[in-house]
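Engineer: this is a predicted model, with the sequence first.
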Amino acid sequence: MSQFEFEHQHEREESAAPEVEAEFNQAGAAVETPVSSLLYGETAKTSYTGHSGSDNVAYAEPESFGEPDAESFQRAGYLADQLMDDVKLLSREMPPARVFNEVLSAKRYAEHAEAAPISDVVDCVAQMALEFSSARRLETPVLCLETEHALIPVSTAAVSGGPGSMVNLLRQGDASVVRDLVNEAIHSYAQQSSQLKTVDVEQAEESAHFNLRIFLNYRFWGSKNWRDQSQNDFYGSRPPVTQIPPEPAFGGGLHVKVFSQTPGLRIQVAPAFFIDQWLFFGHPSTPVSGPILPGRHVFAGDGPMLPRRTVDPVIFATPPTFEIKLTRF
């Protein structure tokens, strides 16, 4: 363990947040929230509000079918807080790149993941930390994707060559010149799409933190249940008619089917807490099927009938949603 990591771990132990608890609203009743496929599938469900530190998190009643349980909720909140504490510290301290790799490694967080796969999550969070660190050094905004109910920070690699390139430019050239070039590129990219906006680093971190908590909630819950072949085993005694859990995909994950309005598209997918890159899901639509790890995701498409990549504005949670119905394209 590096000196940097040891000191940070000591600080975390002294200021550990209290255990996450669910609470009622002021009237002592459940809060009725139309959730749709953003959080809990395609139907409105009863939800509660939980607190972790000062942040509110939408939380579904664990007794209802097709929703994460209290254990998954608490584990997700704890791991998300750990990861984002490290991101915020690294992006402010700006240590050498090797320290990023030492602190943000899947092995370091493995005890909190138990059987759930988190390597992809930690790799994405590490890239996020580098992006936020570079944005602070350059005093530039962060690109975010606007969905129906959340802002998702987006990597600037597509417009600036990635944070490593920005850091190298800072070391080799005039910082003010580099800042102007990167600022111009980021704002130009945002102007090309009505779905993108720019925010400061602090707002991007808060959005990522909130999104990561919910993503891990579904990752932990889904990972506990994805190998169950029985509908009743997965959902309990009240399974939703249209959401029957599929068989596990080869190599892990769940089979998901994506439907689009436009045929012949290539479908891509990204985690709904930070978009480092768009991963190929399948083609040609519609529909296309493929494996996906549990979590909350956004989908995009392009092809002959849609030359520019277009993102659907809805965030889908898998489980409980295994049939993704896109509405933008």
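Structural biologist: Cool, the structure landed.

Engineer: which SS state does G264 fall under?
Structural biologist: Classification of G264 by DSSP: H, G, I helix; E, B strand; the rest coil places it in coil.

Engineer: could you measure it against V258, distance?
Structural biologist: Applying C-beta to C-beta, to the nearest Å, one obtains 13 Å for the distance of G264 from V258. All C-beta atoms are positioned from the backbone trio N, CA, C, and that covers glycine.

Engineer: spell out which residues are contacts of both of the two.
Structural biologist: The contact sets of G264 and V258 overlap at S285 (C-beta atoms under 8 Å, 6 or more residues apart in numbering).

Engineer: these two: who's more crowded?
Structural biologist: Shown here are G264 and V258; by other C-beta atoms under 10 Å, V258 has more neighbours (24 against 14).

Engineer: the more buried one touches H297, doesn't it?
Structural biologist: No. Look at V258 against H297 with C-beta atoms under 8 Å: they stay out of range, at 10.2 Å.

Engineer: buried residues in stretch 119-126?
Structural biologist: Buried residues in stretch 119-126, counted by 16 or more other C-beta atoms under 10 Å: 121-122, 124-126.

Engineer: what's the average pLDDT for it?
Structural biologist: pLDDT averaged over stretch 119-126 equals 93, rounded to a whole number.

Engineer: same check, this time on stretch 259-276
Structural biologist: For stretch 259-276, the per-residue pLDDT averages 95.

Engineer: return the alpha-carbon coordinates of it using PDB.
Structural biologist: Only the C-alpha atoms of stretch 259-276 are listed here, as PDB (Å, rounded to 0.1, in the frame of the first residue of the first chain):
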ATOM      1  CA  PHE A 259     -36.000  -2.900 -30.100                       C
ATOM      2  CA  SER A 260     -35.600   0.300 -32.100                       C
ATOM      3  CA  GLN A 261     -37.900   2.300 -34.300                       C
ATOM      4  CA  THR A 262     -35.400   2.300 -37.200                       C
ATOM      5  CA  PRO A 263     -34.300  -0.900 -38.800                       C
ATOM      6  CA  GLY A 264     -30.700  -1.700 -39.800                       C
ATOM      7  CA  LEU A 265     -28.900   0.100 -37.000                       C
ATOM      8  CA  ARG A 266     -25.800  -0.800 -35.000                       C
ATOM      9  CA  ILE A 267     -26.700  -0.600 -31.300                       C
ATOM     10  CA  GLN A 268     -24.200   0.500 -28.700                       C
ATOM     11  CA  VAL A 269     -24.500   0.600 -24.900                       C
ATOM     12  CA  ALA A 270     -22.800   2.400 -22.000                       C
ATOM     13  CA  PRO A 271     -23.100   2.500 -18.200                       C
ATOM     14  CA  ALA A 272     -25.400   5.200 -16.900                       C
ATOM     15  CA  PHE A 273     -22.900   6.800 -14.500                       C
ATOM     16  CA  PHE A 274     -20.000   7.800 -16.700                       C
ATOM     17  CA  ILE A 275     -19.600   7.200 -20.400                       C
ATOM     18  CA  ASP A 276     -16.000   6.500 -21.200                       C
END
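
Engineer: any buried residues in that stretch, and which?
Structural biologist: 260, 262, 265-276.

Engineer: Q268 against T310, yeah?
Structural biologist: No. Between Q268 and T310 there is no contact under C-beta under 8 Å: 10.3 Å.

Engineer: find residues that contact each of the two.
Structural biologist: Shared contacts of Q268 and T310 (C-beta under 8 Å, 6+ apart): 300-302.

Engineer: make a markdown table out of those residues and add neighbour count and distance to L83.
Structural biologist: Formatted as a markdown table, these follow (neighbours: other C-beta atoms under 10 Å; distance: C-beta to C-beta, whole Å):
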| residue | neighbour count | distance to L83 |
| --- | --- | --- |
| A300 | 23 | 25 |
| G301 | 27 | 30 |
| D302 | 18 | 31 |
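
Engineer: let me have those in TSV, adding distance to A110 as columns.
Structural biologist: Listed next are the shared contacts of Q268 and T310 as TSV, based on distance: C-beta to C-beta, whole Å:
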residue	distance to A110
A300	31
G301	35
D302	36
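
Engineer: out of the residues you listed, who's nearest T318?
Structural biologist: A300 (16.1 Å; C-beta to C-beta).

Engineer: for that closest one, give me its contacts.
Structural biologist: With C-beta under 8 Å, 6+ apart, A300 has these contacts: 267-270, 278, 309-312.

Engineer: now it. Its backbone dihedrals?
Structural biologist: Main-chain dihedrals, A300, degrees, to the nearest 10: phi -130, psi 160.

Engineer: and it, how close does it get to Q74?
Structural biologist: For A300, the distance to Q74 equals 32 Å [C-beta to C-beta].

Engineer: also S223?
Structural biologist: From S223 over to Q74 (counting by C-beta to C-beta), the distance is 15 Å.

Engineer: so these two - more neighbours on which side?
Structural biologist: S223 (21 against 18).

Engineer: so what's the more buried one closest to, chain neighbours aside?
Structural biologist: Counting by C-beta to C-beta, 6 or more residues apart in numbering, S223 lies nearest to A116, which is 3.8 Å off, once chain neighbours are set aside.
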